[in-house]
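In: sequence below, structure please.
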Amino acid sequence: MYERAVRSERKSGLLETVRTIIYAVVIALVVRSFLFEPFNIPSGSMKPTLLVGDYLFVSKYAYGYSRYSLPLGLPLFEGRLFETLPERGDVAVFKLPADNRTDYIKRIIGLPGDRVQVKDGRLFINDQPVAVEADGEFVDDGAPPVPVLFETLPNGVRHMILDLNPRGALDNTGVFVVPPGHVFAMGDNRDNSQDSRVAEVGFIPLENLIGRAEIIFFSTNGYARLWEIWKWPFTVRYGRLLNWIR
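Out: Numbers count the residues shown, from 1 in each chain. You can find the predicted model right below:
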């Protein structure tokens, strides 16, 4: 009797553990699909706003839901449910239209119907120059300081950009007319960003939007190897933790 009771108790405990794991997985999938999803920054295309080694939460509900809101991009439906158009200046994560798999993060500059152009490094929206002013310097993990520019978009969103070479390859473009159902996105690091100015990216279908970048929850400069535990505390960029993304 005692042995049967022990086996029954172990079986019950195992089932309870499996049930708890299943619940946890389901809750995680729901949160990831419909509320918030974590992303990390692998490149410097959004400097100085976002740095390599930043970890951030993206709100999945900001623009409604598409197939790319779901794990693995399951094609359960087309278009967007509860669709909301992004605001100019939003920092958004989207699937690269060229393969619908690669995650990109850029700033939304142009909305459907907008005319976007860059001339001598200056951004023009609907044939009007966007206000820009120099304001301070940016230092990236010990690198020499570089000038920071502040750009003010037509809706009043003010954000930092880097444009160190006004004669860069992407500082003079033709006029891009954003088609219906699409947006135009650019990196804040204007000389080092693959974005809507190049054919490999182009206009972003609204369906490809994953969500809006909201807050940095962790940031590391990456100078410590995984096994160098004693160095970890010195690699954290504490001043960036819990910073809202603008």
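In: give me the contact list for the strand ranked longest in the chain.
Out: Longest strand of the chain, by residue count under DSSP state E: strand 209-219. Residues outside strand 209-219 that contact it (Cβ atoms under 8 Å, 6 or more residues apart in numbering) are 36-39, 50-51, 53-63, 66, 68-69, 80, 86, 90-95, 103, 105, 183, 236-237, 240-245. Where C-beta positions appear, they are placed from N, C-alpha and C, glycine not excepted.
In: now, the residues you listed that are in strands?
Out: 36-39, 54-59, 91-95, 103, 105, 183, 243-244.
In: which among those residues end up buried?
Out: Listed as buried from those are 36-37, 39, 54-59, 91-95, 105, 183, 243; burial here means 16 or more other Cβ atoms under 10 Å.
In: tell me the gap between stretch 40-48 and the middle of its chain.
Out: 9 Å (Cα atoms, centre = their mean, to the nearest Å).
In: equivalent analysis for stretch 128-139, please.
Out: Counting by Cα atoms, centre = their mean, stretch 128-139 comes out at 22 Å from the chain centroid.
In: can you list the domains in the protein?
Out: Here the domain assignment for the chain is 1-34, 35-244, based on automatic domain parsing.
In: most tightly surrounded among those domains?
Out: Greatest average neighbour count among those goes to domain 35-244 (a mean of 16), per mean count of other Cβ atoms under 10 Å.
In: helix or strand with the lowest mean pLDDT in this protein?
Out: helix 2-34 (a mean of 59; mean pLDDT, DSSP states H and E).
In: least reliable of the domains of the chain by average pLDDT, please.
Out: Mean pLDDT is lowest for domain 1-34 out of the domains of the chain, coming in at a mean of 59.
In: contacting residues for residue 179?
Out: 112, 203.
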